[in-house]
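Q: model the structure of this input:
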Amino acid sequence: QLDARLDNLIGTKVGENVIPVGCKAGEISENASRMTGLLPGTAVSAAIIDAHASIPGGGITEPGTLMFILGTSACHITLDKKGTV
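A: Okay, the predicted model is just below:
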């Protein structure tokens with residue numbers, strides 16, 4: 001069970017349109033193009049936490065392998081039997 005304060009989290013504090021990692025979230029606007037130098041219409045990906053993004057890059061593909069990430073924070077990440085983080 002989750003804390004009762006999280007009951008209405010989605011839709012009130014977090015948007016309802018959740019985009020999976022690796023999917024296109026949108027495109028660079030004309031204004032953002034001027035600020036960044038990127039071409040208008042450049043695809044923008046959904047965000048991912050950097051530690052979680054390191055799992056496939058680190059070759060973690062099987063359950064039971066632990067990856068320790070040390071940076072501005074420390075994370076211990078492993079896959080479960082379903083292959084989810």
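Q: what is the mean pLDDT for stretch 33-40?
A: In this model, stretch 33-40 carries a mean pLDDT of 96.
Q: same deal with stretch 64-75?
A: Here the average pLDDT along stretch 64-75 is 84.
Q: gap between the two ends of stretch 9-20?
A: Using C-alpha to C-alpha, to the nearest Å, the end-to-end distance of stretch 9-20 comes to 18 Å.
Q: go on, stretch 52-66?
A: 12 Å.
Q: run through who's touching stretch 57-68.
A: 54, 55, 74, 75, 76, 77, 78, 79, 80, 81, 83 (C-beta atoms under 8 Å, 6 or more residues apart in numbering). C-beta here means a position set from N, CA and C on the backbone, and glycine is covered the same way.
Q: which parts of it are buried?
A: Judged by neighbour count using 16 or more other C-beta atoms under 10 Å, the buried positions of stretch 57-68 are 60, 67.
Q: now that stretch, how far from the centre of its chain.
A: Chain-centre distance of stretch 57-68: 17 Å, with C-alpha atoms, centre = their mean, to the nearest Å.
Q: same check on stretch 7-17?
A: Taking mean C-alpha positions (C-alpha atoms, centre = their mean), stretch 7-17 and its chain are 17 Å apart.
Q: that stretch: end-to-end distance?
A: End-to-end distance for stretch 7-17: 17 Å, by C-alpha to C-alpha.
Q: about what we covered before: for PyMOL, what selects the buried ones among the contacts of stretch 57-68?
A: Typed into PyMOL, the line below selects the buried ones among those, using 16+ other C-beta under 10 Å:
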select buried, resi 54+55+77+79
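Q: brilliant, that's me finished.
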